[in-house]
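J.: curious how this folds, go ahead:
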Amino acid sequence: MHIQANFPLTQLNTFSIKAKTRYLVEVDKQSDIRTLRSDPKLASLPWTIMGDGSNILLTHDIEGVVVRCRFSKVKIVKEDDDGVWLSVGAGMNWHDLVEYTVDQGWWGLENLAYIPGTVGAAPVQNIGAYGAEARDTITRVQALNIFDGERMEFRNNDCEFGYRSSVFKKDFQNRLLLHRVTFRLRKRHAGQANLVYDPLKLAIQALDKTDLAPRDVFEAVIAIRKKRLPDPRYMGNAGSFFKNPIISSDYFDTLQSEFTTSIPHHRTLDGQIKVPAAWLIERSGANQLTEGRAAVSDKHALVLVNLGGASGSDVLKLAHKVQDQVMYQFGIHLEPEVNIL
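T.: Below you'll find the predicted structure:
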């Protein structure tokens, strides 16, 4: 357990927004929470759970306690001829975990390479990319109640995974600190590459290999992400700022009738239509918008960036501008994927 007062959060959010918290506490185990709650000063303040800050926008200082999990141990809890069940501490860096599994030759996480954040953030957000989502491999999540330290366990179905959503993001936001996540992964001979995302499929085909390994997909994903997305180490951002909106089939047909070219889209299992938010932003002209030192990325219209010195308020005002312009042009509301604090 570690406690720091008046802690600057600039390095703990990938937007690189200047902000601070009254207290930062980092916990390893269940008893740490009980110890912290026994302190009258800490117990009286609001607690906010954070990981590496890769999916948040800070718009003000946090007048309370920021809680982080730093438990990062990895162990195999079960293994058979075809697969392994890997239990991972929620404080581990996500990309480091993906690379570790690829080094072992295990299938399952390679499509989710190079996503910033911690392992604990993966089920909260149900992170996804290139045809894969965290829920595809998660079997169990262990969490700690931040009010009394009670341990809770969730199996996959209990997590209520949805599009960039989970029960942890909705019902248990800032109530449960994720501590461990268990993944079921396939050994090399028992799995195969997930190539439903066309650019990834083309990149793999260009390798002209008959015996693919998880590392082949891993490296192709990294190359695509580096080409398409700004690196938060050099230009502050939180990746995709908005979710891809889902609209009714009838409304999609109405929109499509107004365009001479086909609107890119994907039909969901329930017959609705998912439209790329980036296409809507570009087509509406919102990709040219700025606010102070915040702008829409010239690499990807779905990404809002800190050009250097932007405040959280700048980014939020820019997000509202983008939403208003898309709404005016298409009658579609863009919902933020980023958590706004």
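J.: elements contacting the strand ranked longest in the chain?
T.: Identified as the longest strand of the chain according to DSSP state E is strand 176-186. Under the contact definition 3 or more C-beta pairs under 8 Å, 6 or more residues apart in numbering; DSSP states H and E, strand 176-186 sits against strand 62-69, strand 83-89, helix 121-125, strand 138-145. Every residue, glycine included, has its C-beta placed from N, CA and C.
J.: swap in 6 Å and give it another go.
T.: When contacts are defined as 3 or more C-beta pairs under 6 Å, 6 or more residues apart in numbering; DSSP states H and E, strand 176-186 sits against strand 83-89, strand 138-145.
J.: mind putting the ones you listed in TSV, distance to Gln205 and mean pLDDT included?
T.: Supplementary listing: the helices and strands packed on strand 176-186 in TSV, determined by distance: least, C-beta to C-beta, whole Å; pLDDT from 0 to 100:
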stretch	distance to Gln205	mean pLDDT
strand 83-89	27	98
strand 138-145	29	97
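J.: in JSON lines: the ones you listed, plus mean neighbour count.
T.: What follows is the helices and strands packed on strand 176-186, written out as JSON lines (neighbours: other C-beta atoms under 10 Å):
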{"stretch": "strand 83-89", "mean neighbour count": "20"}
{"stretch": "strand 138-145", "mean neighbour count": "21"}
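J.: can you redo those strands as JSON lines with distance to Ser297?
T.: Below are the helices and strands packed on strand 176-186 laid out as JSON lines (distance: least, C-beta to C-beta, whole Å):
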{"stretch": "strand 83-89", "distance to Ser297": "31"}
{"stretch": "strand 138-145", "distance to Ser297": "30"}
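J.: adjacent strands (with direction) for the worst-scoring helix or strand of the chain on mean pLDDT?
T.: Lowest by mean pLDDT, DSSP states H and E among the helices and strands of the chain is strand 266-267, with a mean of 85. Counting by DSSP bridges, the strands paired with strand 266-267 are strand 273-274 (antiparallel).
J.: next one: the following helix or strand past the strand it pairs with to chain centre, how far?
T.: Next helix or strand after strand 273-274 toward the C-terminus (DSSP states H and E): helix 277-284. What separates the centre of helix 277-284 from the centre of its chain is 21 Å, taken as C-alpha atoms, centre = their mean, to the nearest Å.
J.: starting at the chain centroid, how far to the helix or strand just after helix 277-284?
T.: Downstream of helix 277-284, the next assigned helix or strand under DSSP H and E is strand 290-291. Strand 290-291 sits 24 Å away from the centroid of its parent chain (C-alpha atoms, centre = their mean).
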